[in-house]
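A.B. asks: show me how the following folds:
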Amino acid sequence: MRTVLVAAMAACSLGLAGPALAADPAAQPDIRNVEAPGNLESKYDLDCIGANKVENRYTPTDLYRAVAKCAAAGRYEEGAFLFALAGAYGRFDILRVEDNTAHQAVTVARMQALAGLNHDQQAAFQESIKTALRPENLAAVCREVVRIGPPDYYPRYMVQHGMAALRGANGGDGLLKDFDAKAAWQQALAGYLHCPGF
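C.D. replies: Predicted coordinates for the structure are as follows:
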């Protein structure tokens, strides 16, 4: 009985102390958002563009912002292609950026760009991605991605997203020294997009 009473008293005292501590500004933790320059940067403010206007100098951060514009405008087919390309470029960048903590940049950029879509837009866009990546449509998507080619940019958006950038420990360009671009591009096409024949 004594154990139950002590436990009940502890629970009550914690419940009473919680709001009092929360109301005291001095008891609040000091939370700061620290970012390295270039973190998730986007150099090109793209509109919803078709595959024929895409260049391999556009990073996933550029492309995901364009995806959001496509989805907001109901241009889901264009958005689905840009989404696939951004993902392939993101996979390529993950394979070449040395700092593992930087690799989440692709996920964060995608989430930030698409956060403004309402529920209906998100649902319709998800359906368009499923349609674009069905086996009967995937080959056409892959042909366009191959035509555009592998990334031709320095992935600063990702390098500057990692802990090494915050600590000033990149000690160079932040890329793997023995990086095999050809193998990484094949991996992006086969491992991420599941392109047939790669």
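A.B. asks: now for the host helix or strand of Met158, which elements pack on it?
C.D. replies: Element membership for Met158 (DSSP states H and E) is helix 156-159. On a contact count with 3 or more C-beta pairs under 8 Å, 6 or more residues apart in numbering; DSSP states H and E, helix 156-159 meets helix 105-114. From N, CA and C alone the C-beta is placed, and that goes for glycine too.
A.B. asks: who are the packing partners of the helix it packs on?
C.D. replies: Packed next to helix 105-114, using 3+ C-beta pairs under 8 Å, 6+ apart, are helix 60-72, helix 76-96, helix 156-159.
A.B. asks: again, only using 6 Å
C.D. replies: Packing contacts for helix 105-114, counted by 3 or more C-beta pairs under 6 Å, 6 or more residues apart in numbering; DSSP states H and E, involve helix 60-72.
A.B. asks: contacts for the helix it packs on?
C.D. replies: 40, 42, 44, 46-48, 78-79, 82-83, 85-86, 89-90, 106, 109-110, 113-114, 117, 121, 125, 157 (C-beta atoms under 6 Å, 6 or more residues apart in numbering).
A.B. asks: angle of that helix against helix 76-96?
C.D. replies: Counting by axes from the mean of the first three to the mean of the last three C-alpha atoms, to 10 degrees, helix 60-72 lies at 160 degrees to helix 76-96.
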